[in-house]
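K.L.:
I'd like to go over a predicted model; first the sequence, then the structure.
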Amino acid sequence: MRLSELKNTGRSPALPLSLELADAAGPAQLQLLSLLRVLPGQRYVGAAVWRGRAVLAKLLVGPKAARHFQRELAGVRLLAGQGLTTPVLLADGLQEGEGGWLLFDFLEGAQSLGDAWGEVEHLPALADEQQVILGEALAAVGAMHAKGLWQEDLHLDNLLRHQGQLYLIDGAGVCAEEAGKPLSRQRVLQNLGVFFAQLPKHFQPYYEELLVHYLLANGEHALPLEALQKQVEKVRNWRLKDILDKVGRDCTLFSVSRGAFALRAIRREEEPAMLPVLAEADALLDKGHLYKTGGAASVGRVQAGGRTLVVKRYNIKNVLHWLKRFWRPSRAWHSWVEGNRLAFLGIATPKPLALLERRFLWLRRQAYLVTEYLPGPDMLERFAPYVATGEVPENELVALDQLFADLIGQRISHGDLKGHNLFWHEQQWALIDLDAMCQHHTLHSFAPAYARDRARLLRNWPAESALHQMLDRRLPRLD
């Protein structure tokens, strides 16, 4: 295959495939074996073999190929030129009418700090395992800033652990203020704002402690916490708006199709597994373990593709009910958006995997939501032994404190905060049933909604019980 033909292969070209490229030693075949990242018609990144050697190939095609190639190459050269640890660039080229390519040394067995973070993010804030990862990352960022460079798209997946070293990758996002001289304080604050905005908000009290790792690598500037927090909030708000926009359109993260007869949204990496689940949702529910059936919703635990999932079907009860629902976004759509909101904010909830709205000439009918299954007990079951004594294990109360602090900090009300909608999973409380969830713009609207949530949770137990009274003292109030 010619490189220029790659842009016509869409998101999933048939692999393996061969491309003829050339370097100083002449033309040779690149065998592309797997894909790690795809921007259809523009960028294909994956593992390959070149002249008998394993490489990471970045293939740039389409009308913007030359610009993207030059930007990637410039960033790679900046990193290497300043002595920063980055994969060796083995070959590169740009051919008019075809596209560009960059072939890097393949770091076999490397793990991104993003993947490492995924293994520990459920732990209490700034657990030792988390501090190790964040410390490594901030030291690498400090080293870049000390050399006058910064990474525009700064996130943990752009840092790779390999054989005891941390590698900086993705040259396309690397910029220089003045290479070789430390970044200005304002640029440092802006870039650190991008970094810290990706952590849950409850890490804010630990910024000063974490900055020690950064300052050991780059102590050029004093970094006022108030200024940093303003930058973090600015970036966090932008990123939340961006992710909520993406949940409803076809992009790298989500596969979305809209038409007169259906709206379907799936997490991109889950698409092969979820398409058959959505196609057979009714049959899976019929065979599954039903938690709730009939009325406005049917909810069940199902088995599909060797996995346990939860499928929730939002029913249309009768014509009157349809007249109330067909013209507005379904509750499945609302739960899809809110589930992704919570995931972005670092508030535990079953990962939303897929959504389907059935339509007839754009008029909404039944809708389906597929999420991960949480095997843990709900709060009513978990707290049942402590109703009379109120002696709940402290770690479970601390996790509840954290959940309420996050909800208050983000001005999020649940709308039906009963014990059945809180699950104990991986040492934290996870929220389910997000149909009525709302993130409020003002404290004026949030305060009464929060008061209703708090009261609803307490109503799970008799007012005279020790558990009710202990929680009433512990759960925060808003004036």
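P.N.:
That came through fine.

K.L.:
for the host helix or strand of residue 228, which positions count as buried?
P.N.:
Element membership of residue 228, judged by DSSP states H and E, is helix 225-246. Buried residues in helix 225-246, defined by neighbour count with 16 or more other CB atoms under 10 Å: 228, 231, 232, 235, 236, 240, 243. Placement of C-beta: from N, CA and C, glycine included.

K.L.:
tell me which two in those are the farthest apart.
P.N.:
Across the buried residues of helix 225-246, the longest distance by CB to CB is 22.1 Å; it joins 228 and 243.

K.L.:
show me what the longest strand along the chain is packed against.
P.N.:
Looking across the chain with DSSP state E, the single longest strand is strand 26-39. Judged by 3 or more CB pairs under 8 Å, 6 or more residues apart in numbering; DSSP states H and E, strand 26-39 is in contact with strand 17-23, strand 43-50, strand 53-60.

K.L.:
looking at those strands, which is closest to residue 212?
P.N.:
Across the helices and strands packed on strand 26-39, residue 212 has its closest neighbour in strand 53-60 (33.1 Å, CB to CB).

K.L.:
just want the angle from that closest one to strand 43-50.
P.N.:
Here strand 53-60 points in a direction 160 degrees away from that of strand 43-50 (axes from the mean of the first three to the mean of the last three CA atoms, to 10 degrees).

K.L.:
just give me how far the helix or strand just after strand 53-60 sits from the chain centre.
P.N.:
Next helix or strand after strand 53-60 toward the C-terminus (DSSP H and E): helix 65-81. Distance, stretch centre to chain centre, for helix 65-81: 27 Å (CA atoms, centre = their mean, to the nearest Å).

K.L.:
where does the stretch 151-300 of the chain have low pLDDT?
P.N.:
Applying pLDDT under 70 to the stretch 151-300 of the chain flags the ranges 294.

K.L.:
can you map out the strands along it?
P.N.:
In the stretch 151-300 of the chain, the segments counted as strands under DSSP state E, counting those that start in this stretch are 159-162, 165-168, 174-176, 254-258, 262-267, 289-292, 297-304.

K.L.:
distance to residue 375 and mean neighbour count for the ones you listed - can I get that in JSON lines?
P.N.:
Below are those laid out as JSON lines (distance: least, CB to CB, whole Å; neighbours: other CB atoms under 10 Å):
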{"stretch": "strand 159-162", "distance to residue 375": "30", "mean neighbour count": "19"}
{"stretch": "strand 165-168", "distance to residue 375": "35", "mean neighbour count": "18"}
{"stretch": "strand 174-176", "distance to residue 375": "43", "mean neighbour count": "20"}
{"stretch": "strand 254-258", "distance to residue 375": "26", "mean neighbour count": "16"}
{"stretch": "strand 262-267", "distance to residue 375": "20", "mean neighbour count": "21"}
{"stretch": "strand 289-292", "distance to residue 375": "12", "mean neighbour count": "13"}
{"stretch": "strand 297-304", "distance to residue 375": "10", "mean neighbour count": "18"}
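
K.L.:
for those, which one sits closest to residue 101?
P.N.:
Closest among those, using CB to CB: strand 174-176, at 18.5 Å.

K.L.:
what's that closest one packed up against?
P.N.:
Other helices and strands packing on strand 174-176, by 3+ CB pairs under 8 Å, 6+ apart, are helix 65-81, strand 149-151.

K.L.:
just those: most buried one?
P.N.:
strand 149-151 (a mean of 24; mean count of other CB atoms under 10 Å).

K.L.:
give me the sheet partners of that one and which way each runs.
P.N.:
According to DSSP bridges, strand 149-151 has the following sheet partners: strand 174-176 (antiparallel).

K.L.:
pull the distance from the strand it pairs with to the chain's centre.
P.N.:
Relative to its chain's centre, strand 174-176 lies at 25 Å (CA atoms, centre = their mean).

K.L.:
and stretch 301-312, by the same measure?
P.N.:
Stretch 301-312 sits 22 Å away from the centroid of its parent chain (CA atoms, centre = their mean).
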